[in-house]
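[1] here is a sequence together with a model predicted from it:
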Amino acid sequence: MANPLPDLGPEIEQRIERVRSFNRMYMHRIGVLAEKIFGSSYSLAEVRVLNELSFRKSVTASILCRELRMDGGYISRILQGFEREGLITKERSKRDGRQRTIHLTRKGRSVGDSILAEAKRKVLDMLAPVSPQDQQRLIDAMNTIDEIINANINAAVLEGDKWTLRPHRPGDMGLIIHTHAIQFAEDYGWNEEFEALVAEKTAEFIRNFNPARERCWLAEHNGKMVGSLCLVHVKEDVAELRLPFVTSEARNLGIGKSMLAEAVRFARHAGYKKLTMWTESIHDHARDLFEDEGLRIMREINHHRFGKDLTGQHWEMDL
């Protein structure tokens, strides 16, 4: 049993109760407090697992536990039920024989699509009587909640040093341009053409930023920006990773891996089906990282850029 909370004071108590009250209201409005949600025969936990499976081409039980923050035994029981119903199949992982990858069957995908359609209808019904202006206010408020709650969710402590992964805020794009230009000039001798490219890409990101489908993550270590990664909308079902970067002194802290995993997770939940990225072959230190996450080189082009002879690489992965 958890230890009782100390006296928090009336102001904190009121804030806690307001958050809990909002959660109860919203969950009731979208119909997830019922024993079987969205008019289906499945519980909230089962729908969460089914939803996660629909976002991924294949996945293991351990990844589901990590992404959904659910107990392994509970996940296992849910998957056993899905297998009995013919919603999923399992096969031995090609990368790790100890693991089994899980795939939705045609029936499973049909069930998932049906539940998703009903969930969308619930939200549509909720939005229907609301004016377009108030709908935008609602979305803006949700974006604010998302940014505040998730700002430091990826904080980690490694080797006694704390690093955090957070969304961008005013002033960050200038910092990204400055850091990229200096690091790549020092490491590879790239000229100002690269700095201009980074400036163009960051300006484009700010001008066209869609918080529902795009993100920029910054990693901070000991109060210094040491990494960045942007995910931008390319077309309806395709997103592109841009400006992947970790400073040389921070490359042993797992920052690149965490940023990339967070970007892939966000892309799946935003509804993208494919993720692309363009890099130069000099980033050999990151090749294993990209491949471990599922990205593959689709084509290479020799060219002269940034004052150097380089080999450009186009990466892709299906989500």
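    Ah, there it is. Numbers count the residues shown, from 1 in each chain.

[2] could you find the closest non-adjacent residue to the most centrally placed residue in the chain?
    In the chain, the centroid-proximal residue (Cα atoms, centre = their mean) is residue 266; its distance is 2.3 Å. Leaving aside its chain neighbours, residue 266 sits nearest to residue 215 (5.6 Å; criterion: Cβ to Cβ, 6 or more residues apart in numbering). Quick note: C-beta positions are derived from backbone N, CA and C, even for glycine.

[3] residues near that neighbour, how many?
    When neighbours are counted by other Cβ atoms under 10 Å, residue 215 registers 23.

[4] just give me the longest helix of the chain.
    In the chain, assigned by DSSP state H, the helix with the most residues is helix 106-127.

[5] so the helix or strand following it versus helix 106-127, what angle?
    Sequence order places helix 132-150 as the next helix or strand after helix 106-127, per DSSP states H and E. Counting by axes from the mean of the first three to the mean of the last three Cα atoms, to 10 degrees, helix 132-150 points 120 degrees away from the direction of helix 106-127.

[6] ok, back up a step: now do the longest helix of the chain, average pLDDT.
    For helix 106-127, mean pLDDT is 87.

[7] and what of stretch 59-78?
    82.

[8] kindly report the same for stretch 212-228.
    The model assigns stretch 212-228 a mean pLDDT of 87.

[9] and residue 87, how many neighbours?
    23.

[10] find the nearest non-adjacent residue to it, please.
    Sequence neighbours aside, residue 108 is the residue nearest to residue 87 in space, at 3.5 Å (criterion: Cβ to Cβ, 6+ apart).

[11] dump the longest helix of the chain to PDB, restricted to CA.
    Presented in PDB, the C-alpha positions along helix 106-127 are these (Å, rounded to 0.1, in the frame of the first residue of the first chain):
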ATOM      1  CA  ARG A 106      -7.100  -8.900 -41.400                       C
ATOM      2  CA  LYS A 107      -9.800  -9.500 -38.800                       C
ATOM      3  CA  GLY A 108      -7.800  -7.600 -36.200                       C
ATOM      4  CA  ARG A 109      -7.200  -4.700 -38.400                       C
ATOM      5  CA  SER A 110     -11.000  -4.600 -39.300                       C
ATOM      6  CA  VAL A 111     -11.900  -4.600 -35.600                       C
ATOM      7  CA  GLY A 112      -9.300  -1.900 -34.900                       C
ATOM      8  CA  ASP A 113     -10.600   0.300 -37.700                       C
ATOM      9  CA  SER A 114     -14.200  -0.200 -36.500                       C
ATOM     10  CA  ILE A 115     -13.300   1.000 -33.000                       C
ATOM     11  CA  LEU A 116     -11.300   3.900 -34.300                       C
ATOM     12  CA  ALA A 117     -14.200   5.000 -36.500                       C
ATOM     13  CA  GLU A 118     -16.600   4.900 -33.500                       C
ATOM     14  CA  ALA A 119     -14.000   6.900 -31.400                       C
ATOM     15  CA  LYS A 120     -13.900   9.500 -34.100                       C
ATOM     16  CA  ARG A 121     -17.700   9.700 -34.200                       C
ATOM     17  CA  LYS A 122     -17.700  10.300 -30.400                       C
ATOM     18  CA  VAL A 123     -15.300  13.300 -30.800                       C
ATOM     19  CA  LEU A 124     -17.200  14.600 -33.800                       C
ATOM     20  CA  ASP A 125     -20.500  14.500 -31.800                       C
ATOM     21  CA  MET A 126     -18.700  16.400 -29.000                       C
ATOM     22  CA  LEU A 127     -17.400  19.100 -31.400                       C
END
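
[12] and that helix, how far out from the chain's middle?
    Chain-centre distance of helix 106-127: 22 Å, with Cα atoms, centre = their mean, to the nearest Å.

[13] so what touches that helix?
    With contacts defined as Cβ atoms under 8 Å, 6 or more residues apart in numbering, helix 106-127 is touched by 29-31, 38-40, 42, 47, 50-51, 53-54, 82, 85-88, 104, 135, 138.
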